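*Asks:* Here you go, sequence then predicted model.
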Amino acid sequence: MKKTLSQLQRNAWSWIPSLYFAEGLPYVVVMTVSVIMYKRLDISNTDIALYTSWLYLPWVIKPFWSPFVDMVKSKRWWIVSMQLLIGAGFGGIGLLLPLPLFFQSTLCVFWLMAFSSATHDIAADGFYMLALDEKKQSFFVGIRSTFYRFSTLAGQGLLIVLAGILEKKLGNIALAWSIVFYILAAFFLCMCAYHHFALPYPLSDTKRSIAWKDVLKRFLETFSSFFKKKHIGWALAFMMLYRLGEALLVKMASPFLLDERSLGGLGLSTEDVGYVYGTVGVIALTLGGILGGIVVSKGGLSKWLWPMALSITLPNIVYVFLSHSMPLHIWPIYTCVAIEQFGYGFGFTAYMLYMMRISEGAEQTAHYALCTGFMALGMMLPGMIAGWLQESVGYPRFFEIVMVLSLPILCIIPIIKKQLNKQE
């Protein structure tokens, strides 16, 4: 059916904020909210870390099926379809939580949602480039990042706080979390319906007619050219080690805050954790990211690589302090989380820019997708053993080990800095 001019050229403000809020929310729920939910439902730290870390896999292997998204249907179709599946998945989790085998069954649904969310990412980012010209892409890149961060605030903050309030009012943890997921389901179904009408119809967003053998050949060439890049071994080591400490820490930070003091935790309520991470944590993370972008734009990545590597590793020590001091008041906890999250936001800037630098060339988009796959792999593998390690040695020793494992990247920084100096 022929589209009108208004359908082909809709105002970007009418769909970019909502699209990138919808892109970020499932990721936050799958990777962060699920950890807190399972902890409140008395799943062990070992099982939480192992099984939720497997949920990174769709983002690890995302580059392998992105050609399929290019070939089949349009990006617009994939966006609307994946939002429908994600909404159905949220509803499914709400239904399954009160059942005896909720852990196994909800993990299966989370797994399907992770694949749907990763596919949505591919389609949304591709659609962004098809629907906007280069000037508008540059203008809206900050807008899309801002609303992606808003989704983090909503997921780690509002949803967790709401769950905590419902836990207290209902006296039933499973029911409280079910209601949260029903709300998420309703929201995403509304997003699906809205984007069905609000998204434009770019003329270039059509089904591709590329032969499968050509896609496979092109992918193998792209894959091969990535591993032929100069100094690729050091680049892979950097990508796998830069977030090693964080990969362990992120799986056990919330359980540490939630666990009873008799178990070595701080004994916070679900509501408290929502406020800690969803307000102070997200604000500090955002400020760190903004500052990181400003200083690198003025001084260059090479100049700021050391400060950023130190900022993403050394602030992990606040959890060593918390696990030993066991503060009774909330404000020291707020302060420590703010320091750690600010350091992460500031330090992560170097990681993103380095991946962009490694991806430069004729196949930049595909190579960047491979870099993000290695980034997810670097988070998945250490995270799988985080719970077992913590339960084996306790929280204080675990956080000390995190600090030790945050240091190997500092041995690689001089080599990476030298390579960047040659490029700059």
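*Replies:* Noted; the coordinates are in hand.

*Asks:* any idea how far the residue nearest to residue 267 when sequence neighbours are not counted lies from residue 323?
*Replies:* Of all residues not flanking residue 267 in the chain, residue 261 sits nearest, at 4.7 Å (C-beta to C-beta, 6 or more residues apart in numbering). All C-beta atoms are positioned from the backbone trio N, CA, C, and that covers glycine. To residue 323, residue 261 is 11 Å away according to C-beta to C-beta, to the nearest Å.

*Asks:* next one: residue 307
*Replies:* Applying C-beta to C-beta, the value for residue 307 to residue 323 is 26 Å.

*Asks:* Have a look at these two and say which one is more surrounded.
*Replies:* Set residue 307 next to residue 323 and count neighbours by other C-beta atoms under 10 Å: residue 323 wins out with 19 against 15.

*Asks:* Just the element for that one, please.
*Replies:* Per DSSP states H and E, residue 323 falls inside helix 317-325.

*Asks:* Following element in sequence after that helix, please.
*Replies:* Downstream of helix 317-325 (by DSSP H and E), the next one is helix 330-359.

*Asks:* Quick one: list the elements packing against the following helix or strand past that following helix.
*Replies:* Scanning forward in sequence from helix 330-359 by DSSP H and E, the next helix or strand is helix 364-393. Here helix 364-393 touches helix 45-54, helix 57-60, helix 62-71, helix 212-227, helix 232-241, helix 244-258, helix 330-359, helix 395-405, going by 3 or more C-beta pairs under 8 Å, 6 or more residues apart in numbering; DSSP states H and E.

*Asks:* Please point out which parts of the longest one sit buried.
*Replies:* Right, the one you point to is helix 330-359. By neighbour count on 16 or more other C-beta atoms under 10 Å, the buried set for helix 330-359 is 332-334, 336-355, 357-359.

*Asks:* And the first one, by the same measure?
*Replies:* Buried positions in helix 45-54, judged by neighbour count with 16+ other C-beta under 10 Å: 45, 46, 48, 49, 50, 51, 52, 53.

*Asks:* for this structure, which spans come out with low pLDDT?
*Replies:* Scanning the chain with the threshold set as pLDDT under 70 gives 1-10, 134, 137-138, 141-142, 205-215, 362-365, 422-424.

*Asks:* I'd like the distance between the closest residue to residue 47 other than its chain neighbours and residue 420.
*Replies:* Residue nearest to residue 47 in three dimensions, not counting chain neighbours: residue 387, with 6.8 Å by C-beta to C-beta, 6+ apart. Residue 387 sits 36 Å away from residue 420, taking C-beta to C-beta as the criterion.

*Asks:* Who has more neighbours out of these two?
*Replies:* Legend: neighbour count by other C-beta under 10 Å for residue 387 and residue 420, higher for residue 387 (26 against 18).

*Asks:* thought the more buried one was touching residue 52?
*Replies:* No - at 9.1 Å, residue 387 does not count as touching residue 52 under the criterion of C-beta atoms under 8 Å.

*Asks:* Please consider this matter closed, and thank you.
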